[in-house]
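Trainee: Dropping a prediction and its sequence here:
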Amino acid sequence: MNLNQRRLLYIFFIIAFLIITPLISLYATGYKIGGDFRIQKTGILILDTEPKGAGISLNGKQLRRPLASFFNQTQSRITTPTKIKNLLPGEYDVQLELPGHWPWQKKLVVESGQSTYAEDVVLFKNDIPRLINSGQYDNIALSPDDKYLTAKKGNGFVWLELENENIQTTANTTAEPDDRQVSYQWPPDNNHLIANNFLINLSGSTVNYDLSVAISSKITKIKWQDDNNLIYKLNNSLQSYNINNKKIDVIKSNLVFDDFLLKNPNIFTVARGEQNTVLSIWNFDNNDPLSSINLPKAEYRFEHPGHDLLNLYDARHQMLYLIDPFSTFKKLKDIISNITQSVWIDNNSLLYCNDFEIWLYDARGQNRTLLTRISEPIKKIIWHPSNNYVIYATKNNINIIELDKRDKFNITRLLELDNIKSPTLDQAGETLYFSASTNNQEGIYKLTIQ
């Protein structure tokens with residue numbers, strides 16, 4: 001190599017150093033040259049899933065570790081959780097995939113110098129439902145502690161302990177079989193159950209019996225006062241019944257009312273008059289009237305007894321009244337119209353639906369957000385405990401909506417079966433129970449979704 005060649009090589013390395021060093025410095029500080037050759041500040045995409053280990057694709061290209069692919073092709077994919085740095089600003093089609101689970105896909109915008117998060121993604125299992133017990137069942141429900149499942153069969157009730165899935169059958173009730181919705185009432189200890197007027201002892205230590213026979217055929221509005229006592233309406237009186245000694249006490253007589261709610265130390269009643277309906281507040285201990293509120297004339301029932309506000313539902317007009325009975329200024333907080341089902345997520349957020357729409361209501365701002373609108377009747381809505389998903393069922397399918405507003409609300413169809421009834425979810429959000437028909441087998445099914 002002569003002197004001129006050495007000089008050219010020396011100059012080349014100096015020029016390369018002067019060009020590459022700033023580029024490396026820019027890259028290290030979060031800058032990158034874009035497609036139009038402009039230097040742009042990059043962004044970060046942070047991804048996490050439950051369960052973890054999902055493969056990631058950006059704009060249809062799988063992300064892999066460059067060096068790892070030379071040694072182990074199967075372990076070269078970048079998986080969640082991860083932080084993807086030095087992304088040019090723009091919109092990215094992000095897809096997350098995990099074997100045995102439904103994929104997740106959404107368009108996310110990465111902004112200059114900002115971090116974009118998708119950390120609460122739940123990947124639900126793509127599983128096959130398992131038949132627990134064959135037969136014609138309806139009105140399935142789980143106990144609050146997820147220990148028991150109960151269902152209506154004909155004009156009787158069955159229940160099973162979920163740990164061993166052994167099914168038990170009650171004696172038939174005195175009521176004729178029908179298709180009406182069963183009212184289930186669970187006491188704090190979860191060892192008993194009121195199904196309409198039928199008392200079921202799930203622990204099996206005492207005999208199950210029909211309260212319409214034990215007390216009166218005219219009792220209605222049966223509710224638990226505590227683990228051992230029931231409160232109910234009988235004609236124009238409010239009475240209590242002890243399930244251990246079968247003692248009956250009259251709480252208040254000569255009282256005309258349609259429904260009641262016990263929230264110690266008060267009893268709330270609603271009664272229709274000629275011009276309006278009156279909401280009355282009574283002291284439980286001495287039966288003294290405290291106050292009353294006039295409402296539009298309708299037949300109301302109390303719902304969501306654990307909520308801070310009184311929830312009065314007018315089924316005929318499909319309206320839910322939210323009332324603060326002790327407010328000094330405005331007792332009627334809001335009225336939600338066109339509502340057939342509802343569930344409070346917390347004290348401020350209400351999930352509700354009508355036949356074809358699902359909505360989310362914010363009590364603080366009194367705002368309503370439409371989650372989805374479909375063309376077939378909605379049979380059931382369920383809030384998932386991950387706090388980012390809603391399950392809804394129609395006659396022939398069960399679906400789940402992700403509440404991430406970016407791009408669109410993702411909707412995944414979990415399964416399709418015939419004549420799905422009463423889907424219910426356990427407290428952990430891992431298992432769905434429902435009745436349905438598949439391959440000429442009708443019965444109670446179990447579907448693992450997490």
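Mentor: Received, thanks.

Trainee: By mean pLDDT, point me to the weakest helix or strand of this structure.
Mentor: strand 31-33 (a mean of 51; mean pLDDT, DSSP states H and E).

Trainee: so residue 427, which of the three states?
Mentor: What DSSP: H, G, I helix; E, B strand; the rest coil gives for residue 427 is coil.

Trainee: I'd like to check which residues are in contact with it.
Mentor: 144, 145, 146, 385 (C-beta atoms under 8 Å, 6 or more residues apart in numbering). Backbone N, C-alpha and C define where each C-beta goes, glycine included.

Trainee: Tell me the spacing between the third one and residue 257.
Mentor: The reference is to residue 146. For residue 146, the distance to residue 257 equals 34 Å [C-beta to C-beta, to the nearest Å].

Trainee: quick one: which of these two has more around it?
Mentor: Taking other C-beta atoms under 10 Å, residue 146 and residue 257 do not tie; residue 257 has more neighbours (20 against 16).

Trainee: Could you list the low-pLDDT ranges of the stretch 201-350 of the chain?
Mentor: 204-207 (pLDDT under 70).

Trainee: Residues contacting stretch 400-407, please?
Mentor: With C-beta under 8 Å, 6+ apart, stretch 400-407 has contacts from 104, 106-109, 118, 121-122, 124, 358, 360, 371-372, 384, 388-392, 409-412, 414, 449.

Trainee: which of the residues you listed count as buried?
Mentor: Neighbour counting over the contacts of stretch 400-407 (16 or more other C-beta atoms under 10 Å) leaves 104, 106, 108, 118, 121-122, 124, 358, 360, 371-372, 384, 389-392, 409-410, 412, 414, 449 as the buried ones.

Trainee: Show me those that map onto strands.
Mentor: 104, 106, 108, 118, 121-122, 358, 360, 371-372, 389-392, 412, 414 (DSSP state E).

Trainee: Those: which two are farthest apart?
Mentor: 108 and 392 (24.9 Å; C-beta to C-beta).

Trainee: show me what contacts residue 293?
Mentor: 278, 279, 323, 325, 331, 332.

Trainee: mind checking the backbone torsions on it?
Mentor: Dihedral pair for residue 293: phi -130, psi 130, per degrees, to the nearest 10.

Trainee: same deal with residue 446?
Mentor: Taking degrees, to the nearest 10 as the convention, residue 446 sits at phi -130, psi 130.

Trainee: give me the number of residues near it?
Mentor: 18.

Trainee: Which strand residues bridge it?
Mentor: Residue 446 forms beta bridges with residue 130, residue 433, as assigned by DSSP bridges.

Trainee: can you map out the helices along the stretch 1-150 of the chain?
Mentor: 3-28, 68-71 (DSSP state H, counting those that start in this stretch).

Trainee: For residue 419, the count of nearby residues, please.
Mentor: When neighbours are counted by other C-beta under 10 Å, residue 419 registers 12.

Trainee: should've said residue 275
Mentor: 9.

Trainee: And residue 310, how far from residue 248?
Mentor: Taken as C-beta to C-beta, the span from residue 310 to residue 248 is 28 Å.

Trainee: These two - which one has more neighbours?
Mentor: Between residue 310 and residue 248, counted using other C-beta under 10 Å, residue 310 has the larger neighbour count: 26 against 14.

Trainee: What sits closest to that one if chain neighbours are left out?
Mentor: Nearest residue to residue 310, sequence neighbours excluded (C-beta to C-beta, 6 or more residues apart in numbering): residue 323, at 4.2 Å.

Trainee: and the gap between that neighbour and residue 237?
Mentor: 25 Å.

Trainee: Neighbour count: the two, which is higher?
Mentor: residue 323 (20 against 14).

Trainee: Enumerate every residue touching residue 377.
Mentor: 355, 356, 394, 395.

Trainee: buried subset of those?
Mentor: Buried among the contacts of residue 377 (16+ other C-beta under 10 Å): residue 394.

Trainee: export the contacts of residue 377 to CSV and tack on pLDDT?
Mentor: Shown next, in CSV, are the contacts of residue 377 (pLDDT from 0 to 100):
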residue, pLDDT
355, 95
356, 97
394, 96
395, 95
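
Trainee: Save the contacts of residue 377 as CSV, and put in secondary structure and distance to residue 273 too.
Mentor: Shown next, in CSV, are these (DSSP: H, G, I helix; E, B strand; the rest coil; distance: C-beta to C-beta, whole Å):
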residue, secondary structure, distance to residue 273
355, coil, 31
356, coil, 35
394, coil, 40
395, coil, 40
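
Trainee: Which one of the contacts of residue 377 is nearest to residue 64?
Mentor: Comparing these against residue 64 with C-beta to C-beta picks out residue 394 as the nearest, at 40.3 Å.

Trainee: Can you report phi and psi for the closest one?
Mentor: According to degrees, to the nearest 10, residue 394 has phi -110, psi -170.

Trainee: Correct me if wrong: it contacts residue 381.
Mentor: No. With contact defined as C-beta atoms under 8 Å, residue 394 and residue 381 do not form a contacting pair (11.0 Å).

Trainee: Would you confirm that residue 212 belongs to a helix?
Mentor: Yes. Counting by three-state DSSP, residue 212 is located in a helix.

Trainee: residues near it, how many?
Mentor: When neighbours are defined as other C-beta under 10 Å, residue 212 has 18 of them.

Trainee: Can you mark which positions in stretch 124-137 are buried?
Mentor: 124, 125, 127, 129, 132, 133, 137.

Trainee: go on, stretch 393-409?
Mentor: Under 16+ other C-beta under 10 Å, the buried positions of stretch 393-409 are 393, 394, 398, 399, 400, 401, 402, 403, 404, 409.

Trainee: out of those residues, who's nearest residue 432?
Mentor: Once C-beta to C-beta is applied, the member of the buried residues of stretch 393-409 that ends up nearest residue 432 is residue 398, at 6.9 Å.

Trainee: residue contacts, that closest one?
Mentor: The neighbours of residue 398, taking C-beta under 8 Å, 6+ apart as the test, are 391, 392, 413, 414, 415, 420, 423, 432, 434, 447.

Trainee: Local confidence estimate at the fifth one?
Mentor: Taken from the predicted model, the pLDDT recorded for residue 415 is 92.
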